[in-house]
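Visitor: Structure for the following, please:
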Amino acid sequence: MSDTGWLSSDSISEDNSIGTLAWNNPSQGRVEDGNVADQCDDYQARDTYYLKVYDFNAAIPAGASIDGIMVRVKKAISGSAGINVRDHSLKLALAGTPSGNDLADTDTQWPQFEVLEWVEYGNETELWGLTPDDEDINDVNFGVAFSAHLQGGARPGIMGCAWVDDIQVKIFYTEAETGFTQKVMMIQ
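Guide: Residues are numbered from 1 along each chain as shown. Here you go, the predicted structure:
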(Lines give C-alpha, C1' and ligand atoms only; values in the text may rest on other atoms or scores of the structure.)
Protein backbone atom coordinates (compact mmCIF):
# COMPACT_ATOMS: atom_id res chain seq x y z
CA MET A 1 0.00 0.00 0.00
CA SER A 2 1.21 3.49 -0.88
CA ASP A 3 0.05 6.92 0.21
CA THR A 4 0.19 10.45 -1.13
CA GLY A 5 1.48 12.07 2.04
CA TRP A 6 -0.51 15.04 3.34
CA LEU A 7 -1.90 17.18 0.52
CA SER A 8 -3.20 20.75 0.71
CA SER A 9 -5.85 21.94 -1.71
CA ASP A 10 -5.53 24.47 -4.50
CA SER A 11 -9.10 25.76 -4.08
CA ILE A 12 -11.62 26.58 -1.37
CA SER A 13 -15.22 27.78 -1.33
CA GLU A 14 -18.24 27.94 0.94
CA ASP A 15 -21.26 25.70 0.49
CA ASN A 16 -24.46 26.89 2.15
CA SER A 17 -26.23 23.52 1.85
CA ILE A 18 -25.63 23.22 5.60
CA GLY A 19 -25.57 25.75 8.43
CA THR A 20 -26.59 29.40 8.72
CA LEU A 21 -23.28 31.19 9.35
CA ALA A 22 -20.91 32.27 6.57
CA TRP A 23 -17.18 32.08 7.26
CA ASN A 24 -15.06 35.23 7.46
CA ASN A 25 -12.02 35.03 5.17
CA PRO A 26 -12.80 31.52 3.89
CA SER A 27 -9.80 31.58 1.53
CA GLN A 28 -7.52 31.53 4.60
CA GLY A 29 -8.67 27.99 5.49
CA ARG A 30 -6.62 26.15 2.88
CA VAL A 31 -2.98 26.98 3.63
CA GLU A 32 -1.14 26.22 6.88
CA ASP A 33 0.18 29.71 7.57
CA GLY A 34 -1.49 30.93 10.78
CA ASN A 35 -4.03 33.01 8.85
CA VAL A 36 -7.47 31.53 9.54
CA ALA A 37 -10.97 31.29 8.17
CA ASP A 38 -13.09 32.20 11.18
CA GLN A 39 -16.64 32.55 12.39
CA CYS A 40 -17.65 34.16 15.66
CA ASP A 41 -21.05 33.86 17.30
CA ASP A 42 -22.66 34.76 20.59
CA TYR A 43 -24.31 32.39 23.04
CA GLN A 44 -26.82 31.03 20.50
CA ALA A 45 -26.12 27.57 19.10
CA ARG A 46 -25.60 27.78 15.33
CA ASP A 47 -23.69 25.99 12.59
CA THR A 48 -21.38 27.29 9.88
CA TYR A 49 -21.66 26.72 6.18
CA TYR A 50 -19.36 24.06 4.79
CA LEU A 51 -15.81 25.13 4.09
CA LYS A 52 -15.14 23.07 0.98
CA VAL A 53 -11.52 22.45 -0.04
CA TYR A 54 -10.82 20.72 -3.33
CA ASP A 55 -8.31 20.17 -6.15
CA PHE A 56 -5.59 18.31 -4.24
CA ASN A 57 -3.48 17.22 -7.25
CA ALA A 58 -3.34 13.72 -5.78
CA ALA A 59 -1.90 12.04 -8.90
CA ILE A 60 -3.16 8.56 -8.02
CA PRO A 61 -1.86 6.14 -10.70
CA ALA A 62 -4.44 4.97 -13.27
CA GLY A 63 -6.13 1.76 -12.22
CA ALA A 64 -5.03 1.98 -8.58
CA SER A 65 -7.54 0.92 -5.95
CA ILE A 66 -8.29 3.37 -3.14
CA ASP A 67 -7.77 1.71 0.25
CA GLY A 68 -8.53 4.58 2.63
CA ILE A 69 -8.69 8.33 3.10
CA MET A 70 -7.58 10.45 6.03
CA VAL A 71 -8.46 14.09 6.60
CA ARG A 72 -6.86 16.45 9.07
CA VAL A 73 -8.06 19.88 10.11
CA LYS A 74 -5.89 22.48 11.83
CA LYS A 75 -8.34 24.29 14.11
CA ALA A 76 -8.84 26.12 17.39
CA ILE A 77 -11.24 28.18 19.47
CA SER A 78 -10.72 31.88 20.07
CA GLY A 79 -12.54 33.53 22.94
CA SER A 80 -13.14 33.41 26.66
CA ALA A 81 -13.19 30.32 28.86
CA GLY A 82 -16.53 28.55 28.58
CA ILE A 83 -16.70 28.93 24.81
CA ASN A 84 -17.93 25.78 23.09
CA VAL A 85 -17.05 24.90 19.48
CA ARG A 86 -17.37 21.38 18.09
CA ASP A 87 -17.49 19.75 14.67
CA HIS A 88 -20.87 19.87 13.00
CA SER A 89 -20.19 17.92 9.78
CA LEU A 90 -17.19 16.47 7.94
CA LYS A 91 -17.69 14.68 4.62
CA LEU A 92 -15.75 13.95 1.48
CA ALA A 93 -16.93 15.74 -1.64
CA LEU A 94 -17.09 13.66 -4.82
CA ALA A 95 -17.63 15.69 -8.00
CA GLY A 96 -18.08 18.69 -5.70
CA THR A 97 -20.98 17.23 -3.67
CA PRO A 98 -20.63 16.37 0.06
CA SER A 99 -21.13 12.60 0.13
CA GLY A 100 -20.82 9.44 2.21
CA ASN A 101 -20.48 8.97 5.95
CA ASP A 102 -20.13 12.00 8.21
CA LEU A 103 -16.97 11.56 10.32
CA ALA A 104 -17.36 14.77 12.34
CA ASP A 105 -16.50 14.41 16.02
CA THR A 106 -19.54 16.17 17.44
CA ASP A 107 -18.67 15.26 21.05
CA THR A 108 -15.19 16.73 21.43
CA GLN A 109 -14.57 20.42 22.01
CA TRP A 110 -11.95 22.03 19.77
CA PRO A 111 -8.48 23.01 21.06
CA GLN A 112 -8.80 26.19 23.12
CA PHE A 113 -7.07 29.49 23.68
CA GLU A 114 -6.09 30.20 20.08
CA VAL A 115 -3.65 27.28 19.91
CA LEU A 116 -4.10 25.75 16.45
CA GLU A 117 -3.81 21.95 16.50
CA TRP A 118 -4.16 19.22 13.88
CA VAL A 119 -7.05 16.80 14.42
CA GLU A 120 -7.19 13.67 12.22
CA TYR A 121 -10.19 11.74 10.89
CA GLY A 122 -10.35 8.41 9.06
CA ASN A 123 -7.49 5.97 8.54
CA GLU A 124 -5.76 3.84 5.92
CA THR A 125 -8.86 1.63 5.46
CA GLU A 126 -11.64 4.21 5.97
CA LEU A 127 -13.54 4.93 2.74
CA TRP A 128 -16.22 7.14 4.34
CA GLY A 129 -19.03 4.87 3.09
CA LEU A 130 -17.99 5.46 -0.52
CA THR A 131 -16.21 3.49 -3.25
CA PRO A 132 -14.02 6.15 -4.88
CA ASP A 133 -11.64 5.20 -7.65
CA ASP A 134 -8.48 6.87 -8.97
CA GLU A 135 -10.51 9.10 -11.32
CA ASP A 136 -12.72 10.35 -8.45
CA ILE A 137 -9.69 11.26 -6.34
CA ASN A 138 -7.76 12.87 -9.22
CA ASP A 139 -10.79 14.97 -10.23
CA VAL A 140 -10.36 18.70 -9.48
CA ASN A 141 -13.74 18.59 -7.68
CA PHE A 142 -12.69 15.89 -5.18
CA GLY A 143 -12.54 17.49 -1.78
CA VAL A 144 -13.57 17.81 1.84
CA ALA A 145 -16.57 19.66 3.28
CA PHE A 146 -16.27 20.81 6.92
CA SER A 147 -18.75 22.67 9.16
CA ALA A 148 -18.43 23.83 12.78
CA HIS A 149 -21.05 24.06 15.55
CA LEU A 150 -20.63 27.25 17.58
CA GLN A 151 -22.12 27.95 20.96
CA GLY A 152 -20.62 30.91 22.77
CA GLY A 153 -20.70 31.43 26.49
CA ALA A 154 -23.56 30.75 28.85
CA ARG A 155 -24.86 34.30 28.64
CA PRO A 156 -25.41 36.99 25.97
CA GLY A 157 -22.37 38.96 24.93
CA ILE A 158 -19.89 36.09 25.30
CA MET A 159 -18.50 35.40 21.84
CA GLY A 160 -16.88 32.23 20.61
CA CYS A 161 -14.87 31.94 17.42
CA ALA A 162 -14.08 28.88 15.33
CA TRP A 163 -10.71 29.08 13.57
CA VAL A 164 -9.64 26.86 10.66
CA ASP A 165 -6.11 27.26 9.30
CA ASP A 166 -5.89 24.31 6.87
CA ILE A 167 -7.66 21.13 5.78
CA GLN A 168 -5.54 18.36 4.22
CA VAL A 169 -6.04 14.82 2.88
CA LYS A 170 -3.89 11.70 2.66
CA ILE A 171 -4.95 8.99 0.22
CA PHE A 172 -3.93 5.34 0.69
CA TYR A 173 -3.92 3.24 -2.48
CA THR A 174 -2.68 0.03 -4.06
CA GLU A 175 -1.30 0.25 -7.59
CA ALA A 176 -2.75 -1.99 -10.26
CA GLU A 177 -0.79 -5.06 -11.27
CA THR A 178 1.34 -4.31 -14.33
CA GLY A 179 2.40 -7.85 -15.26
CA PHE A 180 1.53 -9.36 -18.60
CA THR A 181 1.03 -12.83 -19.92
CA GLN A 182 2.88 -13.92 -23.01
CA LYS A 183 1.15 -16.46 -25.23
CA VAL A 184 3.22 -18.63 -27.51
CA MET A 185 1.68 -20.21 -30.59
CA MET A 186 3.27 -23.18 -32.15
CA ILE A 187 2.91 -23.55 -35.89
CA GLN A 188 3.15 -27.03 -37.33
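Visitor: and the gap between the residue nearest to the spatial centre of the chain and residue 93?
Guide: Residue closest to the average C-alpha location in the chain (C-alpha atoms, centre = their mean): residue 144, at 3.8 Å. Residue 144 is 6 Å from residue 93, where distance means C-beta to C-beta, to the nearest Å. Yep, even glycine has a C-beta here, placed from its N, CA and C like the rest.
Visitor: Find residues that contact each of those two.
Guide: Shared contacts of residue 144 and residue 93, defined by C-beta atoms under 8 Å, 6 or more residues apart in numbering, comprise 52, 54.
Visitor: Angles on the backbone of the residue nearest to the centre of the chain, please.
Guide: Per-residue torsions, residue 144: phi -130, psi 140 (degrees, to the nearest 10).
Visitor: which strand residues sit across from it in the sheet?
Guide: Per DSSP bridges, the residues bridged to residue 144 are residue 53, residue 92.
Visitor: quick one: contacts for it?
Guide: The neighbours of residue 144, taking C-beta under 8 Å, 6+ apart as the test, are 9, 52-54, 71, 90-93, 167, 169.
Visitor: nearest to residue 127, of those?
Guide: Nearest to residue 127, judged by C-beta to C-beta, of the contacts of residue 144 is residue 92 at 8.9 Å.
Visitor: pretty sure the closest one is in contact with residue 70, am I right?
Guide: No. Assessed by C-beta atoms under 8 Å, residue 92 is found out of contact with residue 70, at 10.9 Å.
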